[in-house]
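Asks: need a structure here:
(2 chains)
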Amino acid sequence: AQRVTQPEKLLSVFKGAPVELKCNYSYSGSPELFWYVQYSRQRLQLLLRHISRESIKGFTADLNKGETSFHLKKPFAQEEDSAMYYCALSGDSGGYNKLIFGAGTRLAVHP
Amino acid sequence: DGGITQSPKYLFRKEGQNVTLSCEQNLNHDAMYWYRQDPGQGLRLIYYSQIVNDFQKGDIAEGYSVSREKKESFPLTVTSAQKNPTAFYLCASGLGTAYNEQFFGPGTRLTVL
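Replies: Okay, the predicted model is just below:
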């Protein structure tokens, strides 16, 4: 079964501390993975996708197929990083593409 | 102003009533999606459509119905058969391929009284 697991509901850190939001997935094929973010009073939006291998707002995520993980990392958290973060897996369902989301992790960065 | 819009922002419904949530996009996207967002459960897919006049059930389609008569529009009807309809509903659109992102609307909060 296709599944995305985010084990932490809440991650609370101080400004300047490193951040790692965990994401594990279950998928039989070759996965396409994404991180979406929802800031307070804003729309859900794409943060980054693994295929791009990019760093957005200082965040990076590496796909580890051996551990079936796609953890989101940032070396120094900022207060403006406080938001809800969702890991998502793009899965094929009979030729139709759809996203499967994890339950989300709320990141709270304190001054 | 390009983008994806949802209306209304807040919606109240009495038990036993059907209600329709609007979703419109002018991004020329082929694919459109409806999700339900509940605290602690993330986003769950209700219905999705890859092209006009075609749509597929998602993981929690029971009690919901959709139509896709125009590329720009993908309305969702919450029927009286939906046991627990009070939730935040998100509409999204995209190119429909595995690598492409989905663009989300602002959402509609439905409350059943």
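Asks: and residue 105, how many neighbours?
Replies: In the absence of a named chain, chain A is used. When neighbours are counted by other C-beta atoms under 10 Å in any protein chain shown, A:T105 registers 21. Bear in mind the C-beta positions are built from the backbone N, C-alpha and C, glycine included.
Asks: meant chain B actually
Replies: Neighbour number of B:G105 under other C-beta under 10 Å is 24.
Asks: can you check B:D38 too?
Replies: 13.
Asks: that one bridge partners, please.
Replies: B:G42 (DSSP bridges).
Asks: list the residues that contact it.
Replies: For B:D38, the contact set (C-beta atoms under 8 Å, 6 or more residues apart in numbering or on different chains) comprises B:R44, B:A87, B:F88.
Asks: can you pull the pLDDT of the last one?
Replies: Reading off the per-residue confidence, B:F88 sits at a pLDDT of 95.
Asks: still on that earlier bit, tell me which of the contacts of B:D38 is nearest to chain A?
Replies: When the contacts of B:D38 are compared for distance to chain A (C-beta to the nearest C-beta), B:R44 wins out at 7.6 Å.
Asks: thought that closest one was touching B:Y64?
Replies: No: the criterion here is C-beta atoms under 8 Å, and B:R44 misses it with B:Y64 at 11.2 Å.
Asks: compare those two (neighbour count), which wins?
Replies: Neighbours were counted for B:R44 and for B:Y64 using other C-beta under 10 Å; B:Y64 has more, 21 against 17.
Asks: excluding its backbone neighbours, what's nearest that one?
Replies: Counting by C-beta to C-beta, 6 or more residues apart in numbering or on different chains, the nearest residue to B:Y64 once its immediate chain neighbours are dropped is B:I46, at 5.2 Å.
Asks: my guess is that neighbour meets B:G58, correct?
Replies: Yes: using C-beta under 8 Å, B:I46 is in contact with B:G58, at 5.0 Å.
Asks: identify the contacts common to these two.
Replies: Joint contacts of B:I46 and B:G58 (C-beta under 8 Å, 6+ apart) are B:W34.
Asks: more crowded one of these two?
Replies: Using other C-beta under 10 Å, the more surrounded residue of B:I46 and B:G58 is B:I46, with 26 against 20.
Asks: so when I look at the more buried one, I'm seeing a strand, right?
Replies: Yes: read with DSSP: H, G, I helix; E, B strand; the rest coil, B:I46 is one of the residues of a strand.
Asks: returning to what we had before: residues contacting the residue nearest to B:Y64?
Replies: When contacts are counted by C-beta under 8 Å, 6+ apart, B:I46 is found next to B:W34, B:Y35, B:R36, B:G58, B:D59, B:I60, B:A61, B:Y64, B:V66, B:L76, B:Y89.
Asks: pull the contacting residues for the third one.
Replies: The one in question is B:R36. Going by C-beta under 8 Å, 6+ apart, B:R36 touches B:L43, B:R44, B:I46, B:I60, B:A87, B:F88, B:Y89, B:L90.
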